[in-house]
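Q: Show me how the following folds:
(2 chains)
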Amino acid sequence: MHKLSSFGKYTSQFAISLLLILMLIAFTLASPATFLGWSIYEAFLSTIPFFAIPALAMTLAIVCKEMDMCFPSTIALGGFVFAWLWTHTGSLGLSIVVGLLAGTAVGWLNGFIVVRVGVPSIIATIGTQFFWRGVVMLLCAGLALDLTGIRETALHHVFAGRLFGVVPAQALWAFGTAILMWLMFNRHVFGDAVRFTGDNSETALKMGIDVDRTRIAVFSLMGFLCALSGIMVCIEMGSWWPTQGEGYLLLVFASVFIGGTSAFGGQGSIYGTCIGATIIGIVEAGIISAGLSGFWTRTFYGVIIVTSVSFYNILAKRQK
Amino acid sequence: MKSMMRISFMAVFIVMASLVSGGLVSAESPRSGQGMTIWFDTGGAPGEPFSTIVQKGAEAAMNDLGCDVKFMYSDWNPETMLVNFKKAMAANPDGIVVFGTPGDPAFGPLVDQAFAKGIVVTSIDTALPKTLLQHKADGFGFIGTDYTTQGTALAEEALKRSGLKKGDRVFVWGLKRLPERGKRALAIIDVLEKAGMVVDYQEITPEVDKDSSLGTAIISGYLSSKPDCKMMIIDHGALTSQMENFLKASNAEPEKIYAAGFSLSPATASAIQNGYVDLVSEMQPYMLGYFSVVQVIMSKRYGFSGFEIDTGGGMVDKSNIGMVAPLAKQGIR
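A: From the prediction side, this is the model:
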């Protein structure tokens, strides 16, 4: 895969935005009753953040030339620690803090194995994915945790309530996270460190960047945001279940690559990932509202991923 | 003197207690499964709600009958089920419990080999009719229910209770693509169409299958495009458990849409209590685990033939959820 210049980057972001707009127009024409009302957008805003938040962190990991396959288990672990503590202590504050710390610790450990032990990230995180899923299964004895009582708490409104009765709180959290991540990636020295590390780690080292620390920080951030996502899923759904996070694997990677992040590291787009997650998140509901069979969903995913990645590659080749 | 008497009484009491308890222990007959080992395929992946309840049932039988049960996991993959069976057979246990998902042609020859080695086999969840016919006298039984029967029963019951009329719209969300399991969705559709309903079927994607939190937009999208939908039948336990969230997100009032589904969980119990789910059909997976272990032990020890036990037919609604909900929390129902 070739890399894009600044002009190419803006062209790609424009193209991906255009694709989203065209899809929305097509879905609206096919099903005006659905896409001209607010409730479908409320539904999108309540579900897309759950995989958009890990996708934002994954963008940084991939730009840094790393891969975190452990994230579905980190989501489950963060959610489990939160749910277990809440059911045993009733303290939402404590449960959230410890849940987030647990996720961050898993991320840090992944980073440690990759950076200090030297295991390639894809292999190390496949291993830790199995390990943490196993730990969660052992701890919960395979049983879901009932959190229906959480709906009555004040923090439910903070994390999964509805602003003015219509805007899901998790969308605001995702929006806030995206802004912070964009600032960190584009306006902070950490973003430069991530890009340079992913582009060429030896050069980055010569430039005085602490490459190892950057890589560990990227994994830790991934763990933190995955735990945040897991906790929000628990609060929104009023339950934690042992396979939590497993369905996000394809959606997170698709969001990142549709958004224009290079699989070879060194280049990525937070904005692109947000649009990618939105595209992936609306496909199935759009297809079903249009009266098509759900069997079409995967075909659409495939077409969108292949088309967008091919488009970025062609664009980059032409600019060379 | 008093203290001496107290000590003597205590000494006598201790001696009598030890004699009685010793007598009781020696009078206790050995349990039927003592010394037996059973290899048990739970069908799914570790921690999946359905497989976990099956495993809990088998563990209860293990504790009651004193046998040793070794659990295997197949993640619903027929090839893995066959590999697990071969592994189990290599260990030469007293019995093997299998999910019949791979079907007669694949399992038949393996079951023949197992019985030839003196290993009792029984199947749960999915029937193996030809193998059952051949080895029933040897102890090969079937514990479970027929997916077609279960789908038909739920659809008929839901139609009866909801009072829907010809031409009413019904949404069915299922897994037609799975060979055996898909029969349940097909049976539901068949009953509804024969009753004159307009059926909108949607296949559950692999992502939603694994993570039910992704289902919200699908229900919202569907309901806003088809506001005349009167009934939703969800052929999936985890998605049934999230119907309360899905319908709330779609701004559907409780009791507005008649919702029916399968399998119990704490979240499903809450949805029934709050009026977002009206009827749940339960295969009673705990009994799949329990009865299958009993079957193997009884056949191995006393030569009983195979039994066919139908565990379907359990219907849960608002009238009995109060009793069932605490059991769902413990993973028994």
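
Q: low-scoring pLDDT stretches of the stretch 1-150 of chain A, where are they?
A: For the stretch 1-150 of chain A, the stretches with pLDDT under 70 are A:1-8.

Q: repeat for the stretch 151-300 of chain A
A: For the stretch 151-300 of chain A, no stretch has pLDDT under 70.

Q: residue ranges of the strands in chain B, please?
A: Residue ranges of the strands in chain B, as given by DSSP state E, are B:37-41, B:68-72, B:95-99, B:120-125, B:142-144, B:169-174, B:198-203, B:229-234, B:258-262, B:279-282, B:308-310, B:314-316.

Q: Can you tell me how far the residue of chain A found nearest chain B is from A:Ile270?
A: Using CB to the nearest CB, the closest approach of chain A to chain B is made by A:Gly247 at 2.7 Å. For every residue, glycine as well, the C-beta is placed using N, CA and C. Distance of A:Gly247 to A:Ile270, computed by CB to CB, to the nearest Å: 23 Å.

Q: Turn the strands of chain B into CSV, columns for mean neighbour count.
A: Below are the strands of chain B laid out as CSV (neighbours: other CB atoms under 10 Å in any protein chain shown):
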stretch, mean neighbour count
strand B:37-41, 25
strand B:68-72, 18
strand B:95-99, 28
strand B:120-125, 28
strand B:142-144, 26
strand B:169-174, 23
strand B:198-203, 19
strand B:229-234, 24
strand B:258-262, 25
strand B:279-282, 25
strand B:308-310, 14
strand B:314-316, 19
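
Q: Show me which residues of the stretch 151-300 of chain B sit near chain A.
A: Within the stretch 151-300 of chain B, the positions near chain A by CB under 8 Å from any CB of the partner chain are B:201-214, B:216-225, B:227, B:238, B:241-242, B:244-245, B:249-251, B:265-267, B:270.

Q: Out of these, name the ones that lie in helices.
A: Of those, the ones assigned to helices by DSSP state H are B:206-210, B:216-225, B:238, B:241, B:244-245, B:249, B:266-267, B:270.

Q: Show the pLDDT at B:Tyr222.
A: B:Tyr222 carries a pLDDT value of 92.

Q: Surely it touches A:Ile287?
A: No. Under the criterion of CB atoms under 8 Å, B:Tyr222 makes no contact with A:Ile287, lying 10.6 Å away.

Q: if we can go back for a sec, could you check the strands of chain B and tell me which one is nearest B:Arg161?
A: For the strands of chain B, the distance to B:Arg161 is smallest for strand B:279-282, at 6.4 Å, taking CB to CB.

Q: and the closest one, which strands flank it?
A: Note on strand B:279-282: by DSSP bridges, its sheet partners are strand B:258-262 (parallel), strand B:314-316 (antiparallel).

Q: Same list, those strands, but as CSV with mean pLDDT please.
A: Output for those, formatted as CSV (pLDDT from 0 to 100):
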stretch, mean pLDDT
strand B:258-262, 95
strand B:314-316, 86
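
Q: Am I right that A:Trp241 is in contact with B:Pro49?
A: Yes. Counting by CB under 8 Å, B:Pro49 is a contact partner of A:Trp241 at 7.1 Å.

Q: and for these two, which residues touch both?
A: Residues touching both A:Trp241 and B:Pro49 (CB atoms under 8 Å, 6 or more residues apart in numbering or on different chains): A:Ala144, B:Ala238.

Q: So these two - more neighbours on which side?
A: A:Trp241 (30 against 23; other CB atoms under 10 Å in any protein chain shown).

Q: Let me see the contact set for the more buried one.
A: A:Ala144, A:Leu145, B:Pro49, B:Ser212, B:Ala238.

Q: right, and the strands of chain B - which one's nearest A:Val98?
A: Checking those against A:Val98 by CB to CB gives strand B:68-72 as the closest, at 31.0 Å.

Q: pLDDT on the closest one, on average?
A: 92.

Q: Run through the helices of the stretch 201-320 of chain A in chain order.
A: Secondary structure of the stretch 201-320 of chain A (DSSP state H, counting those that start in this stretch): helices located at A:201-206, A:211-237, A:249-258, A:270-289, A:296-319.

Q: can I get the ones you listed in CSV with mean neighbour count and distance to B:Gly108?
A: What follows is these, written out as CSV (neighbours: other CB atoms under 10 Å in any protein chain shown; distance: least, CB to CB, whole Å):
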stretch, mean neighbour count, distance to B:Gly108
helix A:201-206, 14, 57
helix A:211-237, 26, 43
helix A:249-258, 24, 36
helix A:270-289, 25, 40
helix A:296-319, 16, 34
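
Q: Turn those into TSV, columns for distance to chain B.
A: Shown next, in TSV, are the helices of the stretch 201-320 of chain A (distance: least, CB to the nearest CB, whole Å):
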stretch	distance to chain B
helix A:201-206	34
helix A:211-237	5
helix A:249-258	6
helix A:270-289	3
helix A:296-319	5
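
Q: wait, which of those helices is closest to A:Arg162?
A: With CB to CB, the closest approach to A:Arg162 among those belongs to helix A:211-237: 10.8 Å.

Q: Give me the helices and strands touching the closest one, please.
A: Applying 3 or more CB pairs under 8 Å, 6 or more residues apart in numbering or on different chains; DSSP states H and E, one finds that helix A:211-237 contacts helix A:39-63, helix A:71-89, helix A:92-112, helix A:154-160, helix A:169-187, helix A:189-199, helix A:201-206.

Q: mind saving the C-alpha coords of stretch B:308-323 as PDB?
A: The C-alpha trace of stretch B:308-323 is given here as PDB (Å, rounded to 0.1, in the frame of the first residue of the first chain):
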ATOM      1  CA  GLU B 308     -35.700 -40.300  24.000                       C
ATOM      2  CA  ILE B 309     -36.500 -37.400  26.200                       C
ATOM      3  CA  ASP B 310     -38.200 -34.300  24.900                       C
ATOM      4  CA  THR B 311     -37.000 -31.300  26.900                       C
ATOM      5  CA  GLY B 312     -38.800 -28.700  24.800                       C
ATOM      6  CA  GLY B 313     -42.200 -27.200  25.600                       C
ATOM      7  CA  GLY B 314     -41.200 -25.000  28.500                       C
ATOM      8  CA  MET B 315     -43.000 -21.700  28.000                       C
ATOM      9  CA  VAL B 316     -42.200 -18.700  30.200                       C
ATOM     10  CA  ASP B 317     -44.300 -15.600  30.400                       C
ATOM     11  CA  LYS B 318     -45.300 -13.000  33.000                       C
ATOM     12  CA  SER B 319     -47.300 -15.600  34.900                       C
ATOM     13  CA  ASN B 320     -44.400 -17.800  35.900                       C
ATOM     14  CA  ILE B 321     -41.300 -15.500  35.500                       C
ATOM     15  CA  GLY B 322     -41.300 -14.700  39.200                       C
ATOM     16  CA  MET B 323     -40.400 -18.300  40.000                       C
END
